[in-house]
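Chemist: Return atomic coordinates for the entry below.
(chains A and B, ligands or ions: 1)
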Amino acid sequence: MSEFQALSEAVLKGDIKTAVAETQAAMDAGANIQDILDTGLIATMDEVGDRFSKGIIFVPQMLRSAKTMQECMKLITPLFQKGGVTSKGKVLIGTVKGDLHDIGKNLVLMMMEGAGFTITDLGVDVTPEKFAQKTQEIEPDIVAMSALLSTTMPSMPLTIEALQNAGVRDKVKIMIGGAPVTDKYAQEIKADAYASDAGSAVTKAKSLMGIS
Amino acid sequence: MNPIDIPTFQPRLKVLSREQVLAIHTAALEILEKTGFRMEHPDALKMLADAGCRVSDDNWVRMPGHLAEQALKSAPRQIALHDQKGNKTMPLVDGNPFYGTGSDTTFTHDLETGQRRRTVLQDIANFAKLVDGLENISFAMSMSNPEDVPIENIYVYAFAEIVKNTNKPIVFISDSGKDIAKIHQIACAVVGGEEEFRRKPFILNYSEAISPLRFPENVMEKLIFCAQKSIPICFPSGSNAGGGAPITLAGAMALGIAENLVGLTVHQMFGKGSPFLFGPNVSTLDMKSTVVSYGCPEWALTQAALADMRDELYGLPIWAYSGASDAKVMDAQAGAEAMFSIITSMLSRCNLIHDNGYLEYGGISSLEMVTMVNELVAMSRFFVQGIPVNEETLALEAIHRVGSVPGSMFLTDDHTFDNFTQAQFIPKLLDRSRYDTWEEEGAQDFYKRCNVEAKRILAEHQVEPKSDEILQAIDKIVQGG
Ligand code: B1M
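Modeler: As a prediction, the model looks like this:
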């Protein structure tokens, strides 16, 4: 049984108050920050993701757990730099140029955050130049693009081109998704991964980072 | 002495009380006054400010309710959509329901192979032609997002293809002020000029605001263009419960209506009296799959509620959907979900009812589904007509004849002969044959029969052709001339 049993249960339930109190208690008791993060929070979110994909819980419950985790993170992030705690990876995400659909993108973003990634969200209607410029600025591990319209899918290869021109294509992994996007399309435009929904976006992102 | 005629009661669905209607409307106005919205079109923003809205940083607007009330008064209560021959085939008013297809699916089910594949321009032609040949499908939409046309001009190509393959009214999509101008040109070319088009419009634009409460510049461009050119338009936002809007249907409706009222207000400012079809899309976000459902009871319920709001308050014809499903193939689920929305939209007298023939929550278009919907609409119309009660239909004489003479039967009575075509619903594709006959005829299920019928219509139906002159004009406009 994990030493963070109570914390874990609170995150599973989405009980923010208890989870935050448990995190504080663990910190006060001198627990290792990385352990709180890995065992107490992220492992629990993995369990949450698993329950969601099995249909045991629904989206609002999953998102509530993610929010609970975020609140706990607020307590421990200030200690990150000092103790050298690592996140799963940095992700830059946005809905591509011409496209204003954002609900799917936001869901993907929240799930990834829940799984321990650090996210920068560029919002909707993001131009290739904007993706490239931000990539240069924050040096993410993954650039994630969402498109819901077949008319805006061509913005994806254009964005990849812009990353290339900015000399940062090879420094990042590129992941794409959204209703009309397919695995085949991802291969055609030489993206590194495609995900069909928010759950598999997390799995794909992890495997891009070489973590299981 | 002639008895007094008894009017036939035509069954009608009500789902909201007047108090509920007023409460939702008040909530919508409160959203506009207190929360406000983001208007990204500079001219619209200026108009709203001049009319008395409070505009703060970031183009955020708070709008007094009376502006919306004013717009509701100036928009016409009837939108008379015509076919391309100038006949008023779709008077959108009060209790008139009209069914048509949907737009933009990524995939279609190939009629020959049954495979799900990307849509191409030829699919648009096929869907339009099928619509032209089906008596209960009143208007055409693209049903496809074709992969084989230049993507910058996709909606112009789509529109031209529909025009070439049907003479029924068309509901169309466009991207911005640019392509909509071309589409308008094509429409004018078809009927012989802008003046003629204004008098007998045969197209209606489908544009959407972004829930929650965002009005992008390109979307407003289209709205303003339509207002100025008197092109009928609908402006539903995607206020889906749990996604673009709150999970509870009342709140989702209030938000969607608020967004619609912004559209209507700006629309009437730019073209007082121009036709505006009212209503948001209030479906629901499925909390397991995260899919916005096209087969759920929620959407059927919110549009029935909207019809009540039309009757109690707004008076404007409304936008709706039906005949669609979340199923991946045209199976029993598809039939059940399609019928649910068809019958409820008819019972509540929604007006312009699109998306008939969708599968996979709007991902797949299906010619077989459209063919099925044609039959289900006929079935529903029969039901909604009610039971005429009069001397002829009470049939006391026939009862007396048959009842009093041993050995006689209704089947051979003149009354049956005289009345059976009106008194009965006569299905075309729904199978009622005896088992042996059904087996001998190939043991076809409903899907298969719809497949055969769709193929037959595509092979045999003749669309009244347009003149070479018109066709050339269309091509010139499409090519950018
Ligand atoms: C980076 O890695 C990844 C990995 C996975 C990723 C990913 C990125 N991004 C997404 N995923 C994946 O994970 C997510 C979670 O599991 C999933 O995201 P989804 O977005 O699929 O799922 C969301 C959680 C819920 N789903 C949604 O939010 C989309 C639902 C539907 C109904 C939809 C909505 C709601 C809207 N729409 Co739009 N809309 C439709 C949609 C039809 C449908 N049933 O899907 C679709 C996408 N729309 C369409 C169209 C045509 C349009 N829409 C438009 C507008 C809108 C609204 C604004 C009204 C609204 C969006 C509101 C908003 N804030 O986002 C217009 C375009 C606006 C624009 N420029 O973007 C307009 C052009 C319509 C018009 N007349 O103007 C169609 C696209 C067809 C096509 N092939 O191109 C459409 C399929 C409907 C249809 N059948 O016609 C996965 O795709």
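
Chemist: Over to stretch B:95-103 now: how far is its first residue from its last?
Modeler: 24 Å (C-alpha to C-alpha, to the nearest Å).

Chemist: Give me the distance from it to the chain's centre.
Modeler: 3 Å (C-alpha atoms, centre = their mean, to the nearest Å).

Chemist: now swap in stretch B:358-365 and tell me
Modeler: On C-alpha atoms, centre = their mean, the centre of stretch B:358-365 falls 15 Å from the chain's centre.

Chemist: same thing with stretch B:207-227?
Modeler: With C-alpha atoms, centre = their mean as the basis, stretch B:207-227 stands 19 Å off its chain's centre.

Chemist: again with stretch B:110-127
Modeler: Counting by C-alpha atoms, centre = their mean, stretch B:110-127 is centred 22 Å from the centre of its parent chain.

Chemist: Neighbours of residue B:276, how many?
Modeler: Residues within reach of residue B:276, counting by other C-beta atoms under 10 Å in any protein chain shown, total 27. For the C-beta atoms, the positions are set from N, CA and C on the backbone; glycine is no exception.

Chemist: give the contact list for it.
Modeler: For residue B:276, the contacting residues are B:75, B:76, B:232, B:233, B:234, B:235, B:263, B:264, B:267, B:268, B:316, by C-beta atoms under 8 Å, 6 or more residues apart in numbering or on different chains.

Chemist: Now, of those, which are buried?
Modeler: For the contacts of residue B:276, a burial check counting by 16 or more other C-beta atoms under 10 Å in any protein chain shown picks out B:75, B:76, B:232, B:233, B:234, B:235, B:263, B:264, B:267, B:268, B:316.

Chemist: Could you check what's spatially nearest to the fifth one, not counting adjacent residues?
Modeler: Leaving aside its chain neighbours, residue B:234 sits nearest to residue B:277 (3.9 Å; criterion: C-beta to C-beta, 6 or more residues apart in numbering or on different chains).

Chemist: what's the neighbour count on that neighbour?
Modeler: The burial count for residue B:277: 26, using other C-beta under 10 Å.

Chemist: Hmm, residue B:207 and it touching each other?
Modeler: No. Contact criterion C-beta atoms under 8 Å: residue B:277 and residue B:207 do not qualify, at 10.9 Å.

Chemist: what is in contact with those two at once?
Modeler: Common neighbours of residue B:277 and residue B:207 (C-beta under 8 Å, 6+ apart) are B:233, B:234, B:235.

Chemist: In terms of distance to chain A, which of these ranks first?
Modeler: Closest approach between the shared contacts of residue B:277 and residue B:207 and chain A, by C-beta to the nearest C-beta: residue B:235, at 14.7 Å.

Chemist: show me where chain A has helices.
Modeler: A:5-13, A:16-28, A:33-35, A:43-53, A:59-83, A:103-114, A:128-138, A:155-165, A:183-188, A:198-208 (DSSP state H).

Chemist: what comes up buried for the last one?
Modeler: When you say that, I think you mean helix A:198-208. Those would be A:198, A:199, A:200, A:201, A:202, A:204, A:205, A:206, A:208, for helix A:198-208 by 16+ other C-beta under 10 Å.

Chemist: overlap between these and the residues near the ligand?
Modeler: A:198, A:201 (C-beta under 6 Å from any ligand atom).

Chemist: closest to residue B:92 among the buried residues of helix A:198-208?
Modeler: Taking C-beta to C-beta as the measure, residue B:92 sits nearest to residue A:198 out of the buried residues of helix A:198-208, at 39.3 Å.

Chemist: Which residue is the nearest non-sequential neighbour of residue A:99?
Modeler: Closest to residue A:99 by C-beta to C-beta, 6+ apart is residue A:152, at 3.9 Å.
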